[in-house]
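**Student:** have a look; sequence and predicted model below, questions after that.
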Amino acid sequence: MADIPGFIAVETGDDSDLPLAIAWVLPDGRIKHTLIQPDDDWLDDEMNALNGYSMEELTSFGASPLDVIRELENDHFNATLFTAGISDDEAALARLFDTYGIDPFVELAPADSLYPALSGGEWSRARNELFGEMGLEPMRPEHEVEVMLRLHERLGLAE
């Protein structure tokens, strides 16, 4: 598969910038996904903001925010990554980077901008249909990335 865009998605808690899980596509089409261990400074007694995850689950199975940043840097340094929910993803990534005083080394762009031939809303409708076809859940980052990747394949074949 030639030239796969760098798709990314971040699952957030109720306060919309608390990063809980992240996924992105690698240049070979594989998807990297992990839960994120919340930094102590991120939690203000807002345990209900964990979007159904337990603290134990996040700390046991999640990667540290710094490890997430390192992995992202290894895979997509100075890249433009494409997302379905740019403002929430930007806020969540900003929180990850700000925790360590690191300037973001990726830029986010709306995934639908990859398809200028589609009119407004066509990409979103196609994305929603694909979620249904595949039986996947929106808002789960690995599912978001999978759907964006499959939709890209479909749209690439159609053009």
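**Tutor:** It's in. Keep in mind it's a predicted model, so treat the numbers as computed, not measured. Numbering: from 1, shown residues only.
**Student:** same for the lengthiest helix in the chain, what does it pack against?
**Tutor:** Longest helix of the chain, by residue count under DSSP state H: helix 141-158. Helices and strands touching helix 141-158, as assessed by 3 or more CB pairs under 8 Å, 6 or more residues apart in numbering; DSSP states H and E, comprise strand 6-12, strand 19-25, strand 31-35, helix 122-134. Every residue, glycine included, has its C-beta placed from N, CA and C.
**Student:** kindly recompute the last result at 10 Å.
**Tutor:** Other elements packing on helix 141-158 under the criterion 3 or more CB pairs under 10 Å, 6 or more residues apart in numbering; DSSP states H and E are strand 6-12, strand 19-25, strand 31-35, strand 79-83, helix 86-99, helix 122-134.
**Student:** name the residues of that helix that are buried.
**Tutor:** Of the residues in helix 141-158, those with enough neighbours to count as buried (16 or more other CB atoms under 10 Å) are 141-149, 151-152, 155.
**Student:** can you add pLDDT and distance to Gly29 and give those residues back as JSON lines?
**Tutor:** Formatted as JSON lines, the buried residues of helix 141-158 follow (pLDDT from 0 to 100; distance: CB to CB, whole Å):
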{"residue": "Pro141", "pLDDT": "95", "distance to Gly29": "16"}
{"residue": "Glu142", "pLDDT": "96", "distance to Gly29": "14"}
{"residue": "His143", "pLDDT": "96", "distance to Gly29": "16"}
{"residue": "Glu144", "pLDDT": "96", "distance to Gly29": "15"}
{"residue": "Val145", "pLDDT": "97", "distance to Gly29": "11"}
{"residue": "Glu146", "pLDDT": "97", "distance to Gly29": "10"}
{"residue": "Val147", "pLDDT": "97", "distance to Gly29": "14"}
{"residue": "Met148", "pLDDT": "96", "distance to Gly29": "12"}
{"residue": "Leu149", "pLDDT": "96", "distance to Gly29": "7"}
{"residue": "Leu151", "pLDDT": "95", "distance to Gly29": "13"}
{"residue": "His152", "pLDDT": "94", "distance to Gly29": "10"}
{"residue": "Leu155", "pLDDT": "88", "distance to Gly29": "15"}
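**Student:** for those, give me a markdown table that also has distance to Leu18.
**Tutor:** Output for the buried residues of helix 141-158, formatted as a markdown table (distance: CB to CB, whole Å):
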| residue | distance to Leu18 |
| --- | --- |
| Pro141 | 14 |
| Glu142 | 18 |
| His143 | 19 |
| Glu144 | 17 |
| Val145 | 19 |
| Glu146 | 23 |
| Val147 | 23 |
| Met148 | 22 |
| Leu149 | 25 |
| Leu151 | 27 |
| His152 | 28 |
| Leu155 | 32 |
